[in-house]
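>>> coords please:
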Amino acid sequence: MAECNPKLPNLGSGDCKLQIGLIRRICFVSQKKEDNSKNTISLATAVALATWQALFDIPGFETNPLEKIVPSDKIYLALSEQEDPVTYDEDGYYKKLKDGNYNITFQLNELYPDKIRAYKELELANVAVWLIDADGKIWGIKNGVNLDPIPLLNFAVENFNLQSTEIISKEAVVMRLENSEDMNALTYVELASGNPLSESDFYSLIDVDTAISTPAVTGCIVTLDTERYDEAVTGFVFGDFIFYGDTAPTGAITLAGAGSLTEVAGVYTVNESSLLTTGHTYTLKIRHDGYDVATGSVVVP
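Coordinates of the predicted model:
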């Protein structure tokens with residue numbers, strides 16, 4: 001039997017077969033970065049990532065520190081459906097459209113309102129996904145030397161329902177692909193280590209609220225607490241804090257050293273001479289391993 005040559009697909013018995021396993025997790029990412037470039041990852045980088053934690057355990061994606069990947073919890077009953085719609089012809093005949101809408105439906109493993117709310121926030125987002133199967137393969141679109149996420153056209157999440165003895169609570173998520181033909185361009189990389197069913201290998205960041213007070217040219221006071229439990233967030237360091245000004249939104253303003261930041265029970269005081277400029281507005285972005293910190297606005301009087 002002829003060997004499989006991926007550079008020259010054989011349409012006979014020696015063709016290269018790709019078989020996707022049961023989908024157990026989904027990695028969400030925005031379709032575009034903040035500079036409007038497309039989110040992607042090189043195949044070489046993807047292969048080198050043992051568990052992909054290097055992408056999603058901090059809000060940093062490739063070399064852009066303002067992007068992140070959000071892995072789902074374990075999912076089950078992932079089903080795909082490709083519709084075969086028709087359109088009305090001017091001659092009075094129905095004709096089939098090429099490649100109808102492609103939907104992927106899955107159900108959540110853990111059922112509680114906060115989880116449903118988090119997924120429902122994606123309904124308004126412009127997101128793309130990588131699919132992770134039970135065999136440890138991460139699937140995306142092969143685009144030259146890159147592994148692109150699969151763009152979604154829309155995203156629908158059912159409301160949380162109370163369970164009863166008659167009707168069980170059903171939390172289903174439906175994703176519609178932007179282009180059904182993307183399924184024909186799928187390829188995968190395998191996890192060198194790590195388990196797609198392990199919560200320690202695939203986890204979501206902790207959401208953190210940011211409150212800004214006492215803005216000045218020397219900085220501001222920043223209060224950080226968890227979104228869900230309002231617990232103080234401690235242990236951040238000066239290098240985690242970056243300001244971006246309204247006149248140069250891509251220019252990072254960093255703190256000079258540890259002496260520029262003090263913290264007491266989740267309340268951080270930024271104090272550095274001539275750090276900011278009077279009359280300007282700054283966006284404060286904070287990054288720290290394991291946390292997704294909301295941006296803050298600093299208006300210097």
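
>>> secondary structure element holding residue 131?
strand 127-133 (DSSP states H and E).

>>> buried residues in the following helix or strand past that strand?
Downstream of strand 127-133, the first helix or strand assigned by DSSP H and E is strand 137-143. Under the neighbour-count criterion of 16 or more other C-beta atoms under 10 Å, strand 137-143 has 137, 138, 139, 140, 141 buried. Placement of C-beta: from N, CA and C, glycine included.

>>> and the closest residue to the fourth one other than its chain neighbours, how far from residue 43?
This points to residue 140. In space, and not counting its chain neighbours, residue 140 is closest to residue 147: 4.3 Å by C-beta to C-beta, 6 or more residues apart in numbering. Distance, residue 147 to residue 43, by C-beta to C-beta, to the nearest Å: 5 Å.

>>> do the same with residue 272
42 Å.

>>> can you check residue 163 too?
For residue 163, the distance to residue 43 - C-beta to C-beta - is 44 Å.

>>> neighbour-wise, which of the two wins?
Legend: neighbour count by other C-beta atoms under 10 Å for residue 163 and residue 43, higher for residue 43 (17 against 10).

>>> show the subsequent helix or strand relative to the longest strand along the chain.
For the chain, the strand that runs over the most residues, judged by DSSP state E, is strand 206-216. Per DSSP H and E, strand 206-216 leads on to strand 219-226 as the next helix or strand towards the C-terminus.

>>> run through who's touching that following strand.
Residues from elsewhere that reach strand 219-226 (C-beta atoms under 8 Å, 6 or more residues apart in numbering): 206-214, 231-233, 236, 241, 260, 266-272, 275-276, 284, 286, 293, 296, 298.

>>> just stretch 196-205 next, same as before
The contact list for stretch 196-205 (C-beta under 8 Å, 6+ apart) reads 24-25, 51-53, 56-57, 59, 68, 70-71, 73-74, 132-134, 136, 194-195, 290-292.

>>> cutoff 6 Å now
24, 25, 51, 71, 132, 136, 194, 195, 291, 292 (C-beta atoms under 6 Å, 6 or more residues apart in numbering).

>>> of the residues you listed, grab the buried ones for ChimeraX.
The buried subset of the contacts of stretch 196-205, as determined by 16+ other C-beta under 10 Å, is captured in ChimeraX by this line:
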select :24,25,51,71,132,136,194,291,292
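
>>> least confident of the contacts of stretch 196-205?
For the contacts of stretch 196-205, the weakest pLDDT value sits at residue 51, with 70.

>>> helix or strand: which one has it?
For residue 51, there is no host helix or strand (DSSP H and E).

>>> any idea how far residue 194 is from it?
3 Å.

>>> then residue 108?
Taken as C-beta to C-beta, the span from residue 108 to residue 194 is 22 Å.

>>> one more: residue 241?
Distance from residue 241 to residue 194, by C-beta to C-beta: 31 Å.

>>> swap in residue 287?
Separation of residue 287 from residue 194 (C-beta to C-beta): 23 Å.

>>> for the longest helix belonging to the chain, could you pull out the residues that count as buried?
Ranked by number of residues, the top helix in the chain under DSSP state H is helix 113-120. By neighbour count with 16+ other C-beta under 10 Å, helix 113-120 contains the buried residues 115, 116, 118, 119, 120.

>>> the second one touches residue 160, doesn't it?
Yes: taking C-beta atoms under 6 Å as the contact criterion, residue 116 and residue 160 are neighbours in contact, 4.4 Å apart.

>>> report pLDDT for the residue sitting furthest away from the middle of the chain.
Ranking residues of the chain by C-alpha distance from their mean position (C-alpha atoms, centre = their mean) puts residue 91 at the top, at 46.2 Å. pLDDT recorded at residue 91 is 70.

>>> helix/strand/coil for it?
Of the three states, residue 91 takes coil according to DSSP: H, G, I helix; E, B strand; the rest coil.

>>> quick one, phi/psi of residue 44?
phi -60, psi -40 (degrees, to the nearest 10).

>>> any idea how far residue 147 is from it?
In terms of C-beta to C-beta, residue 44 sits 10 Å off from residue 147.

>>> more neighbours: which of these two?
Taking other C-beta under 10 Å, residue 44 and residue 147 do not tie; residue 147 has more neighbours (24 against 11).
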